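> Give me the fold of what follows.
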Amino acid sequence: MRWVALVVGLAIITTVGIVVNMQRQDAGAARDAATAASRTPTPAASFTDPCGTFDTTVRTPYPITGYWIIPTADPCTWRSQFQAIHRVGGDTVIRLGHGLSPRRVDSETGLVLDAAGDKPDPRYAKCVEGELTCVQAAEKALKDAHPDNRITWTYVFRTDEQYGDGVFRCPDIERKIVVGDAVFFRIIAPDDGTDDASCDFTSRGRGYHLILVSAGKEDSLTTLLDLGDRFGIRVFPALPLAPRDPTGPTRANPRHIGTLTTLTRRILQDYGDRFAGRESLGGVYQPFELQIRDWPDPSKVDTLKVLAEQHLIVEQELAGKPILISPYLDARRDRKFTSTPKQVGRGFKVLARTGVGIIAPQDGRGTGKGGLFWPNWKNKPVDERLRPVVGDTTYAKAYYGGTRDYYREMAQARDELLKEGVRVELWANIEAFEPTRRQGEKRCSSQSDRGAADKPRLDTQVTLVGPYVSKIISYMWSDYFTCGSPSLAEQIAQDWTRPIAIQAFRSRRDIQNGLEIRGYNLAGASVTLSWPGVDEPRVVDSTVAGAHETGPVAGLPDRVERLWIPFDLDEVPDGKWVRVGVTAPDGRIAAEPVYYRHTS
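Residues are numbered from 1 along each chain as shown. Sure thing, here's the model as predicted:
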């Protein structure tokens, strides 16, 4: 068997102009778009369709308001997912995406080969036009226009969306191909990465890239946006995932940047044609996962260059819609290339300057790359569920800092960027799983062997990221919130009114000293204060002496409340950590206390 030669030089990179100014500040449209993304469509009343009757009422609101969902072929499943997400207060859904993939082609049969290049890919083997495969038909069309035209590289891209005519730049040679129940799109672009709008295929012979898209029978995004309108949910579809560097799969491959930006441009132009003005289109999700760290020279980091070029296309073609990215944190001391909180703060600034409007770092607890602990807990043993990852050790020996330390530094970086005219939102993506399953525990995901988390663990995560982010989202609804009995979603429904404190600090009202506590479900709570050396904890009933406020707090999620209690902090020795526990009127105690370090 002979292979089609796949020789494309690094001239592609040069021609495209991959030089990216990592300090660019002219991406105001993308930054301002984050504000637009905070607007949610107004939900309709309950509705009935062939899948059943669906209730659009928010019944048990929880601090997490956004979730990833996995693709499904059943539109009724989507309706059930949206209903369940909305019931717990969710107003944002994020789609997982698929990657653009360069492929070899068998020169004898014209069939696209699988990712390994060993055998024909059955998905694309279905794509035929008459007696020719889609690759052969595309090359014939090019050579009919000029005999020296040729396909120098073939790419494939899989999606359950279906596009309109806006995806085509040159409809005389690009087309939608329907074969039975399979739908494909043929997209052709010059191999120099220019995506030339002249559509001049006849004046001279050129090299071209063929992008063969395997699409859905119907457009999933239209369905999701329609559901978003009905439930008051914003949808973030995924951008095409950049091809990975074969020498390091955690890096994006800059060699394919021209084709990636071409495909991104075409898809977003089509979105603009079909979905302009749709509030349910919240923005787009950048699915390339990278570690947020202090890059010594960002201008030499290929992944950042690729993302910046792709993000520039979003700013050009989908103005007013933000890009959401969710990098991961790695705080472990025993691994190479991990980062301290301050290093992550510097990395946050670099990532913001690639053109994103929302950065939602993964908190790392589910993978064990981060730990949930306060500074005064650093010498305590790590949680038993973290031991498979970091060993039987203390938090201080395992991690450079706790979750709260990292989000504090990123919040400071966000505020400093704002002073420079760069606007970006900081969200938190809290991981709703454990590093491993317990013995005998049911497997939740077919794609992972992670264990299930419970609501107290989730409450603790909310507490520790709480005062530094404007929104909390979670990976992911499908599987991790619906697995087990009771499932995590059911646990939330049963216990959604339990108080969750996120912050406590000294606050004076009129002539009284006291503490302000921020969090969720604080009405009527009693507050228990203790610190090292105190004989008896101090208990303050906020219904007797205190003030409860539910108005919005700038920079924090909508449902955050404030509770003020009078207390003379002068009796607390300087430098001591005050443990602040919150108890609901019915006796339920917050899963995690907050700590206030007293200084005179």
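
> Next, count neighbours for Thr42.
8 (other Cβ atoms under 10 Å). All C-beta spots, glycine's among them, are computed from the backbone N, C-alpha and C.

> which residue packs closest to it, ignoring adjacent ones?
Gly232 (6.0 Å; Cβ to Cβ, 6 or more residues apart in numbering).

> In this structure the one you found contacts Thr56, no?
Yes - applying Cβ atoms under 8 Å, one finds Gly232 in contact with Thr56, separated by 7.1 Å.

> Stretch 172-185 spans what distance, first to last residue?
The first and last residues of stretch 172-185 sit 13 Å apart, counting by Cα to Cα, to the nearest Å.

> Can you list the neighbours in contact with that stretch?
Here stretch 172-185 makes contact (Cβ atoms under 8 Å, 6 or more residues apart in numbering) with 124, 126-129, 134, 138, 141-142, 145, 162-163, 167-168, 186-188, 199, 201, 211-217.

> what's the answer for stretch 115-127, then?
For stretch 115-127, contacts defined as Cβ under 8 Å, 6+ apart pick out 3, 101, 103-104, 106, 109, 111-114, 133-134, 156, 158, 177, 179-180, 182, 184, 212, 214.

> let's see 6 Å
Arg104, Leu111, Val112, Asp114, Cys134, Val156, Val179, Ala182, Phe184, Ser214 (Cβ atoms under 6 Å, 6 or more residues apart in numbering).

> Make a ChimeraX selection of the buried ones in those residues.
Applying 16 or more other Cβ atoms under 10 Å to these, the buried members can be selected in ChimeraX as follows:
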select :104,111,112,114,134,156,182,184,214
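
> Now, the contacts of stretch 115-127 that are in strands?
Val156, Val179, Ala182, Phe184, Ser214 (DSSP state E).

> Distance to Leu221 and pLDDT for these - can I get that in CSV?
Converted to CSV, those look like this (distance: Cβ to Cβ, whole Å; pLDDT from 0 to 100):
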residue, distance to Leu221, pLDDT
Val156, 20, 98
Val179, 22, 97
Ala182, 19, 97
Phe184, 17, 98
Ser214, 15, 98
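
> which one of these sits closest to Arg255?
Proximity of the ones in strands among the contacts of stretch 115-127 to Arg255 (Cβ to Cβ) peaks at Val156, which lies at 16.3 Å.

> Mind listing the residues bridging to that closest one?
Beta-bridge pairing of Val156 under DSSP bridges involves Ser101, Leu212.

> these two touch, right, it and Gly99?
No - with contact defined as Cβ atoms under 6 Å, Val156 does not reach Gly99; the gap is 9.3 Å.

> What is the burial count for the residue nearest to Lys576 when sequence neighbours are not counted?
Nearest residue to Lys576, sequence neighbours excluded (Cβ to Cβ, 6+ apart): Trp531, at 4.5 Å. If you count neighbours by other Cβ under 10 Å, Trp531 ends up with 19.

> Tell me how far Leu569 lies from Ile151.
In this view, Leu569 and Ile151 are 73 Å apart by Cβ to Cβ, to the nearest Å.

> More neighbours: which of those two?
Ile151 (20 against 15).

> which residues sit in contact with that one?
Glu139, Tyr208, Leu210.

> Specify the beta-bridge partners of the residue lying closest to Asp392 once chain neighbours are set aside.
Nearest non-adjacent residue to Asp392, counting by Cβ to Cβ, 6+ apart: Pro381, 7.2 Å away. For Pro381, the beta-bridge partners under DSSP bridges are Thr394.

> still on that earlier bit, from the contacts of stretch 172-185, which land in strands?
Those of the contacts of stretch 172-185 lying in strands (DSSP E): Val128, Glu129, Arg186, Ile187, Ile188, Ile211, Leu212, Val213, Ser214, Ala215.

> From those, pick the one nearest Pro296.
Ile211 (34.9 Å).

> Give me the residue at the spatial middle of the protein.
Ser326 (4.1 Å; Cα atoms, centre = their mean).

> That one touches Asn429, doesn't it?
Yes - here Ser326 reaches Asn429: they are 4.8 Å apart, a contact under Cβ under 6 Å.

> what's the overlap in contacts for these two?
Common contacts of Ser326 and Asn429 (Cβ under 6 Å, 6+ apart): Ala360, Gln362.

> and the residue nearest to Asp392, how far is that from Gly371?
From Pro381 to Gly371 the distance is 11 Å (Cβ to Cβ).

> So between those two, which is more surrounded?
Neighbours around Pro381 and Gly371, counted as other Cβ under 10 Å, are more numerous at Gly371. The numbers are 27 against 14.

> Look up phi and psi at that one.
phi -120, psi 150 (degrees, to the nearest 10).

> So which residues of the stretch 201-350 of the chain form strands?
207-215, 234-236, 244-245, 248-252, 284-286, 323-325 (DSSP state E, counting those that start in this stretch).

> where in this protein is pLDDT low?
Applying pLDDT under 70 to the chain flags the ranges 1-40, 43-44.

> for it, which helix is longest?
helix 257-275 (DSSP state H).

> relative orientation of that one and strand 207-215 in degrees?
50 degrees (axes from the mean of the first three to the mean of the last three Cα atoms, to 10 degrees).

> switch to numbering from 797
Noted, 797 is the first residue going forward, which turns the last one into helix 1053-1071.

> how close does the residue nearest to Thr838 sit to Ala1207?
28 Å.

> again, but for Asp1130
From Asp1130 to Ala1207 the distance is 27 Å (Cβ to Cβ).

> The two - which one has more neighbours?
More crowded of Asp1130 and Ala1207, by other Cβ under 10 Å: Ala1207, with 19 against 12.

> Correct me if wrong, but the more buried one is in a strand.
No - residue state for Ala1207 (DSSP: H, G, I helix; E, B strand; the rest coil) corresponds to helix; a strand is not indicated.

> Spatially, and excluding backbone neighbours, which residue is closest to it.
Tyr1264 (3.9 Å).

> Check Ile1007 too.
Nearest non-adjacent residue to Ile1007 (Cβ to Cβ, 6+ apart): Ile983, at 4.1 Å.

> Let me know whether that neighbour touches Leu1006 as I believe.
No - with contact defined as Cβ under 6 Å, Ile983 does not count as touching Leu1006 (7.5 Å).

> I'd like the strands of the stretch 997-1146 of the chain laid out as TSV, including distance to Gly1160.
Formatted as TSV, these follow (distance: least, Cβ to Cβ, whole Å):
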stretch	distance to Gly1160
strand 1003-1011	34
strand 1030-1032	22
strand 1040-1041	22
strand 1044-1048	16
strand 1080-1082	19
strand 1119-1121	16
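
> Packed most tightly, which of those would that be?
A comparison of these by mean neighbour count, using mean count of other Cβ atoms under 10 Å, puts strand 1119-1121 on top with a mean of 28.

> Helices along the stretch 1197-1346 of the chain, start to end?
1199-1215, 1251-1261, 1284-1291 (DSSP state H, counting those that start in this stretch).

> From Arg1253, how far off is Gly885?
Relative to Arg1253, and taking Cβ to Cβ, Gly885 is found at 19 Å.

> How about Arg1161?
Arg1161 is 8 Å from Arg1253, by Cβ to Cβ.

> What of Asn1175?
Noted for Asn1175: a distance of 22 Å to Arg1253, by Cβ to Cβ.

> ditto for Tyr1067
37 Å.

> same thing with Leu1021?
33 Å.

> This protein - how does it break down into domains?
If you go by automatic domain parsing, the domain ranges for the chain are 824-894+1023-1291, 917-1011, 1296-1393.

> Could you say which of the ones you listed is packed most deeply?
Highest mean neighbour count of the domains of the chain: domain 824-894+1023-1291, a mean of 20 (counted as mean count of other Cβ under 10 Å).

> Please state the offset of that domain from the chain centre?
Distance of domain 824-894+1023-1291 from its chain centroid, counting by Cα atoms, centre = their mean, to the nearest Å, is 3 Å.
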